[in-house]
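Visitor: predicted model and sequence follow; I will ask about them next.
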Amino acid sequence: MVGPSSLANVHIACIMDGNGRWAKRRGLPRTAGHTAGEENLAEVVRVCAQRGIGRLTVFGFSTENWVRPPAEVRHILSLHKKLFGRVDELNANNVRIQWIGRPFDEPGSRTPAYVQRAIQRAITDTAGNTGMVLTVAFDYGSRAELVRASRLSAQLGEVTETSIDSHLYDPEMPRVDVVVRTSGESRISNFLLWQIAGAKVYFTERTWPDFDAQEIDAALKLIHAT
Ligand code: IPE
Ligand code: IPE
Ligand code: MG
């Protein structure tokens, strides 16, 4: 059994997949699946915070996802504004929000200014919270993160595990204990490749909008399973 104090040291990372399939099964447009996925994320955040979990990192949008149809991309962008706008809920649950992804000033960065502002405001407005740290990966790709960390390390004259660690998008992020992927896919899809080196992996058939507290507990159980 995982006790409350040990959960404070636990880091869960979720590849939130299957929003499109969730919608398709209900005869709804894909955008409705993304809306349901964002709402479920808010619920998962609340459950994890109340369990006393220390870190939750979620894959919201990848560097590869920009090729999706423009209307779908616009909808997903607006949902990130909504997600980063949930400051009252985050504060009520003592959750500090963070973001990882391609820096906004880097060539190729496509994050619109209104999403940048929502991200920056949420980080500032939840900075004082002392409970769970929620990190949203948006315009994130692990290979790009590692290329950047290697380049910055090399500029300083040495490339070691420690130097790579200190040049990741969030150098404070601890290693991942368990990575979750929903919707029956058993791929990592360029998510946190460095940070999940020693992690357990929990694959579930559930689509992301149906991922619930029982699923979180099943993923947590893997951490202490031999
Ligand atoms: C995950 O759901 C959300 C994002 C990748 C942004 P998908 O949109 O990938 O859903 P499926 O895989 O098509 O079901
Ligand atoms: C991974 O899901 C990215 C996110 C959850 C944001 P995708 O649905 O984009 O992944 P692939 O392309 O099927 O591997
Ligand atoms: Mg998918």
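Guide: Right, received. Where do you want to start? This structure is a prediction, so every number in the text was calculated from the model and none was measured. Ligands and ions are numbered 1, 2, ... in the order given.
Visitor: what does the chain put close to ligand 2?
Guide: By Cβ under 6 Å from any ligand atom, the residues of the chain that approach ligand 2 are 15-17, 59-62, 65, 187, 189. (Glycine included, C-beta is placed from N, CA and C.)
Visitor: closest one of those residues to residue 178?
Guide: Among those, residue 15 lies closest to residue 178 (Cβ to Cβ), at 11.7 Å.
Visitor: leaving out the residues flanking it, which one is nearest to the closest one?
Guide: Once flanking residues are discounted, residue 15 sits nearest to residue 181: 4.2 Å by Cβ to Cβ, 6 or more residues apart in numbering.
Visitor: ok, now which ones touch the nearest residue to residue 38 once chain neighbours are set aside?
Guide: The spatially closest residue to residue 38, leaving aside those adjacent along the chain, is residue 79, at 4.4 Å (Cβ to Cβ, 6+ apart). Residue 79 makes contacts with 34-35, 37-38, as judged by Cβ atoms under 8 Å, 6 or more residues apart in numbering.
Visitor: how about 7 Å then?
Guide: Neighbour list for residue 79: 34-35, 38 [criterion: Cβ atoms under 7 Å, 6 or more residues apart in numbering].
Visitor: closest point of this structure to ligand 1, which residue?
Guide: residue 20 (2.7 Å; Cβ to the nearest ligand atom).
Visitor: which residues touch that residue?
Guide: 30, 33.
Visitor: which of the three states applies to the residue positioned nearest the centre of the chain?
Guide: With distances taken as Cα atoms, centre = their mean, residue 58 lies nearest the centre of the chain, 1.6 Å away. Three-state call for residue 58 (DSSP: H, G, I helix; E, B strand; the rest coil): strand.
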